[in-house]
Every structure is written in C-alpha cells, then in structure tokens.
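1. sequence? don't have it. structure:
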C-alpha cells in the first residue's frame, strides 16, 4: 500500500480554516468554559471534523 500526501491547500484556504478553528474554540470557551465540558456539543464535533480527528 502506497501512502500519498494530502493535496496542498492554498494560502487563502489555510487562512480560512485557521479563522474557523479560532471562532469555534472561542465559541466553545465562551459557551462551556472548558473544552472538556463541551464534550458532545455541535461546536466540538465541527472542530473535530475540521481538524480531521
């Protein structure tokens, strides 16, 4: 099985993903106070999808 690197993303795409991650983390922090308390929340699920976890 041959492993291949994921396709490279443009600077704009990387910047947009960074902004989305920041927004989600801030939203989680504001709403739940801690990422541990946000377990099962839609915001945390969206963040996990975004980072591929």
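-> Cool, got the structure. All figures in this text were calculated on a predicted structure; none of them were measured in a lab. Residues are numbered from 1 along each chain as shown.

2. low-confidence ranges, this structure, go.
-> Applying pLDDT under 70 to the chain picks out residues 1.

3. so where do the helices sit in it?
-> 11-32, 42-51 (DSSP state H).

4. which of those helices sits closest to residue 3?
-> Across those, residue 3 has its closest neighbour in helix 42-51 (19.7 Å, CB to CB). No exception for glycine: its C-beta is placed from N, CA and C like everyone else's.

5. mind listing what's buried in the closest one?
-> Neighbour counts over helix 42-51 (16 or more other CB atoms under 10 Å) mark 43, 44, 46, 47 as buried.

6. make CSV out of those and add distance to residue 6.
-> Output for the buried residues of helix 42-51, formatted as CSV (distance: CB to CB, whole Å):
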residue, distance to residue 6
43, 24
44, 23
46, 20
47, 19
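
7. determine which two of these are furthest apart.
-> Most distant of the buried residues of helix 42-51, by CB to CB, are 44 and 46, 7.3 Å apart.

8. shared neighbours, those two?
-> Residues touching both residue 44 and residue 46 (CB atoms under 8 Å, 6 or more residues apart in numbering) are residue 24.

9. now the most centrally placed residue in the chain: how far from residue 25?
-> Residue closest to the average C-alpha location in the chain (CA atoms, centre = their mean): residue 47, at 3.2 Å. According to CB to CB, to the nearest Å, residue 47 and residue 25 sit 7 Å apart.
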